[in-house]
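Trainee: sequence below, structure please.
(2 chains)
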Amino acid sequence: MAKPLVATAPFTGCFGCHMSLLDIDERILDLVELVEFDKSPINDIKTFTRPVDVGLLEGGISNDENYEQLKLFRKHCKILISVGQCAITGGVPACRNTVPLKECLEEAYLNGPTVVDGGVLPNDPDIPILLDKVYPCHEVVKIDYFLPGCPPSADTLWAALTALLTGKDVGLPYELIKYD
Amino acid sequence: MSDDYRKVVQEIVAKFGKDRKRLMDIARAVHAKTGHISEEIVGAIADALGCHRVEVRDMTSFYAFFSREPKGATTIRLCNAVVERMKGMDAVANAFEETLGIRFGETTPDGLISLEYTPCIGMSDQAPAALVNGKVLTNIRPEDVKSIVDAVRSGKLHDGGIVSVKSVESNLQQAGPVIFAPFERGAGIRKALSMSPEDVINEMNKARVRGRGGAGFPLAMKWSFCRKAEGEAHYVVCNGDEGEPGTFKDRVILTECPDLMFEGMTIAGYAVGAKQGFFYLRGEYEYLLPYLEQVLAKRRRMGLLGENVCGAEGFDFDIRIQMGAGAYICGEESALIESLEGKRGAPRDRPPFPVQKGYLDRPTSVNNVETLCCAARIMEHGAEWFSSMGTKDSTGTKLLSISGDCQAPGVYEVEYGITVEKVLEMVGATDAQAVQIGGPSGQCIAPKDFGRSICFEDLPTGGSTIIFGKDRDLLACMESFLEFFVEESCGWCAPCRAGTTFLKMQFEKLLQGRGTREDLKKLEETANTVKFMSRCGLGQTAPNPVLTTLRNFPALYEARIQPDDFIPAFDLKEALKEACSITGQKPHDVEV
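Mentor: Residues are numbered from 1 along each chain as shown, chains lettered A, B, ... in the order given. Model prediction:
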């Protein structure tokens, strides 16, 4: 039987959840025995070429590119997991949701302390367009599982992935989802 | 800051004896003079009190009636509770916006008038209603708005400047034998003083009287715990912070027979061994304050308060009225005590319960206005008389605040055990599709349950009874309840602070016809999380509008859900509009 395929997505987050995935240390060798990675920043594969079993999503949805990519993940992955607070709630980037977008952009690009010579609002046609707010992934597509944490620990990711891939119950022990 | 402010603050703080516990009164007095409590005023109060400014900011930022920015000289607070909306609040709101040329939340350019919304002000039987600098206007029609604004502008609001608009009517529709029967001042106290405090408590025990606020805790048990608890002093607090939307029974008691309540407080003081009583009056009822102070003064003159009450050597008892400043949560007893101590009204962890550690961490009995009236009456007529009324576990009578779609809204004193059907008949409601028993935090029941009885064994209630006629959009009414809880959550615990907002968002999606079966399931899950994980009664009951309508009106939900497997929470094109208009970018073609 072919190895299950895993894809990962970095949306609007800090890459901390991806770092946490790498934090499984030498178990990554076991993981590679267990799965094959498709589209992911870890291997720099940029497009889906075949149906994928599990998609791991990091970060919230803050622009049209995030939105499109998330839709693609839903289209190509059998199972989608929101990994970490930003994917689940919008997280730190969603702090901007309480401030009007115009004020955010002006503070960052026109009036901020590091702006020199006036500054300009980024408007190149090629850069993604911001959404009015940062949205959690499950408000864009159906999400099958949620792994809380900022980031979820390597052990949590490992336990969830191995359970999923070996067909066991994904129920996580309390220690792995307790964060205070 | 101008030195004027500092001087005003210093004078007020001195007037209250530089007592940190009186911060509520200090903040109210300062706000009345300055119209707002800015960061600078916060600093001035803290300096004058000798406490940290964080304590003052923490407290003043909590209450709805304190503004941080300067507002208009007059603030018109239009009540946007559900019954108000049913009775034409929107048209009145539009009339205010048009007449003043500003939106709600704004102030007129001349700085004269601000427009605000406020949750239920206890006038649901006379809706729509508004609070204008403490004065209550009721039954407002859109055509009255101009004369209200003119009266405010000419400064004649408080001396009959508006003839067309009514002020508060007592609106007692049906008096019963316990609360609204004729009453002789001092009769209950004299009877109590002829007995030992333990026997007074025992009489309450025999009467099987339970708390009227809704939870139904046995009064005798509360007094007995409080009496037995050790502490430097004991206190009696009467909870006059009725904030449950649709309730106004205390307003009627305070208008018709406040003496009976003060009598009950005095008896409570004797029973638990307290020298000091506090009557906590919700800020919305400020208009009643002068009258209540008069009643207290008269009672002092008659020897019913003060030293050696009714000539009883060694029994000293007096009552101070503490005003609130617009916070529903202060109806919760431990939040009320926090507020009484001059802090934000955040509930405490329990245990210890207030009867063990209440005001200033000393034993405190907090009782509902109506409960204390019952206590006075039980002293006067005896436990047997009282327990002969009502049902086995719910003795005596209950005041119902009836509002919504019926011919005769108002307060009714009924015997416990009355069926909903009987109530509807009594108030002239012929086409009810639903009745909200116990306000938003209670339950919404369908006609199949109209044969059930109002009592602790069946349908417990604090009294708020809102009737929804057959043409009402019931779920839209529930949405307004959810909004209320979002506003009133104190913010302490996440399940309530965030959960009430999630609930509202998920509910809105369903109401907009964009919900799926999966969304319905999630809505119920969220509701249960908020119910079981929240720290106090507010969060534990906030999902009830959802949970009880899911149970009793499933067809209303079925009719709104879509067959799709998934519908996004937002529309991509709409969500991109803002950025495109700011940067001038053109939307990309998003495939998929």
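Trainee: make it CA atoms for all contacts and neighbour counts henceforth
Mentor: Noted.
Trainee: can you give me the strands in chain A?
Mentor: A:5-10, A:36-37, A:52-58, A:61-63, A:77-83, A:130-135, A:145-147 (DSSP state E).
Trainee: helices or strands next to the first one in the packing?
Mentor: When contacts are defined as 3 or more Cα pairs under 8 Å, 6 or more residues apart in numbering or on different chains; DSSP states H and E, strand A:5-10 packs onto strand A:36-37, strand A:52-58.
Trainee: mean confidence score for that strand?
Mentor: Across strand A:5-10, pLDDT averages out at 95.
Trainee: export that strand as CSV, just CAs?
Mentor: Output in CSV follows, covering the C-alpha atoms of strand A:5-10 (Å, rounded to 0.1, in the frame of the first residue of the first chain):
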residue,chain,number,x,y,z
LEU,A,5,0.2,11.7,1.7
VAL,A,6,0.4,14.8,3.9
ALA,A,7,0.3,18.4,2.8
THR,A,8,0.9,21.5,5.0
ALA,A,9,-0.2,25.1,4.5
PRO,A,10,1.2,28.3,6.0
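Trainee: list of residues touching it?
Mentor: For strand A:5-10, contacts defined as Cα atoms under 8 Å, 6 or more residues apart in numbering or on different chains pick out A:18, A:35-41, A:51-59, A:77.
Trainee: any buried residues in it, and which?
Mentor: Counting neighbours by 16 or more other Cα atoms under 10 Å in any protein chain shown, one finds that the buried residues in strand A:5-10 are A:L5, A:V6, A:A7, A:T8, A:A9, A:P10.
Trainee: run the chain-centre distance for that strand.
Mentor: Distance of strand A:5-10 from the chain centroid (Cα atoms, centre = their mean, to the nearest Å) equals 9 Å.
Trainee: what does chain B have sitting close to chain A?
Mentor: For chain B, the residues in contact with chain A (Cα under 8 Å from any Cα of the partner chain) are B:566-570, B:572, B:575-580, B:582-588, B:590-592.
Trainee: pLDDT weak spots in the chain?
Mentor: Using chain A. Along chain A, segments meeting pLDDT under 70 span A:1, A:180.
Trainee: let me rephrase: I mean chain B.
Mentor: Chain B contains residues with pLDDT under 70 at B:1-2, B:158-165, B:591-592.
Trainee: hmm, back to that, now the helices and strands packed on strand A:5-10 in CSV, with mean neighbour count and distance to A:I28?
Mentor: Converted to CSV, these look like this (neighbours: other Cα atoms under 10 Å in any protein chain shown; distance: least, Cα to Cα, whole Å):
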stretch, mean neighbour count, distance to A:I28
strand A:36-37, 18, 11
strand A:52-58, 25, 16
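Trainee: tell me which of those strands sits nearest to chain B.
Mentor: strand A:52-58 (17.0 Å; Cα to the nearest Cα).
Trainee: ok, residues contacting the closest one?
Mentor: For strand A:52-58, the surrounding residues in contact (Cα under 8 Å, 6+ apart) are A:4-13, A:15, A:17-18, A:38, A:73, A:76-84, A:86-87.
Trainee: quick check: angle from that strand to strand A:5-10?
Mentor: 20 degrees (axes from the mean of the first three to the mean of the last three Cα atoms, to 10 degrees).
Trainee: tell me which helix or strand comes right after the helix or strand encompassing B:E11.
Mentor: In this structure, B:E11 sits in helix B:3-15 according to DSSP states H and E. On the C-terminal side of helix B:3-15, the nearest following helix or strand under DSSP H and E is helix B:23-34.
Trainee: against which helices or strands is that next one packed?
Mentor: When contacts are defined as 3+ Cα pairs under 8 Å, 6+ apart, helix B:23-34 packs onto helix B:3-15, strand B:318-323.
Trainee: can you list the buried residues in the first one?
Mentor: Within helix B:3-15, the residues that qualify as buried by neighbour count (16+ other Cα under 10 Å) are B:Y5, B:R6, B:V8, B:V9, B:Q10, B:E11, B:I12, B:V13.
Trainee: who's in contact with the last one?
Mentor: Taking Cα under 8 Å, 6+ apart as the contact definition, B:V13 lies against B:D19, B:I26, B:I45, B:A48, B:L49.
Trainee: host element of B:V414?
Mentor: Per DSSP H and E: strand B:410-415 holds B:V414.
Trainee: distance between whichever helix or strand comes after that strand and the chain's centre?
Mentor: As assigned by DSSP H and E, the chain's next helix or strand after strand B:410-415 is helix B:420-427. Its chain's C-alpha centre and that of helix B:420-427 lie 25 Å apart, by Cα atoms, centre = their mean.
Trainee: pull the helix or strand just after helix B:420-427 out as CSV, backbone CA atoms only.
Mentor: Per DSSP H and E, the first helix or strand lying C-terminal to helix B:420-427 is strand B:432-437. Below are the C-alpha coordinates for strand B:432-437, written out as CSV (Å, rounded to 0.1, in the frame of the first residue of the first chain):
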residue,chain,number,x,y,z
ALA,B,432,-49.5,33.8,22.3
GLN,B,433,-47.1,31.6,20.3
ALA,B,434,-44.6,31.6,23.2
VAL,B,435,-44.0,32.9,26.7
GLN,B,436,-40.6,33.8,28.1
ILE,B,437,-40.7,32.7,31.7
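Trainee: mind giving me the packing neighbours of strand B:432-437?
Mentor: With contacts defined as 3+ Cα pairs under 8 Å, 6+ apart, strand B:432-437 has these neighbours: strand B:443-445, strand B:464-469.
Trainee: what comes up buried for that strand?
Mentor: Under the neighbour-count criterion of 16+ other Cα under 10 Å, strand B:432-437 has B:A432, B:Q433, B:A434, B:V435, B:Q436, B:I437 buried.
Trainee: that one to strand B:464-469, inter-axis angle?
Mentor: Counting by the same axes, to 10 degrees, strand B:432-437 lies at 170 degrees to strand B:464-469.
Trainee: strand partners of strand B:432-437, parallel vs antiparallel please.
Mentor: strand B:443-445 (antiparallel), strand B:464-469 (antiparallel) (DSSP bridges).
Trainee: roughly how far is the longest one from the heart of the chain?
Mentor: Put plainly, it is strand B:464-469. How far strand B:464-469 lies from its chain's middle: 17 Å, per Cα atoms, centre = their mean.
Trainee: is it true that B:I445 touches B:N552?
Mentor: Yes. Contact criterion Cα atoms under 8 Å: B:I445 and B:N552 qualify, at 6.3 Å.
Trainee: who's more crowded, the two?
Mentor: Regarding B:I445 and B:N552, a neighbour count based on other Cα atoms under 10 Å in any protein chain shown identifies B:I445 as having more, with 22 against 17.
Trainee: list the residues that contact that one.
Mentor: Residues in contact with B:I445 (Cα under 8 Å, 6+ apart) are B:A434, B:V435, B:Q436, B:I437, B:T548, B:T549, B:N552.
Trainee: list just the nearest of these to B:D250.
Mentor: B:I437 (17.0 Å; Cα to Cα).
Trainee: show me where the stretch 451-592 of chain B has helices.
Mentor: For the stretch 451-592 of chain B, applying DSSP state H, counting those that start in this stretch gives helices covering B:474-488, B:494-511, B:517-533, B:537-541, B:544-552, B:554-558, B:572-583.
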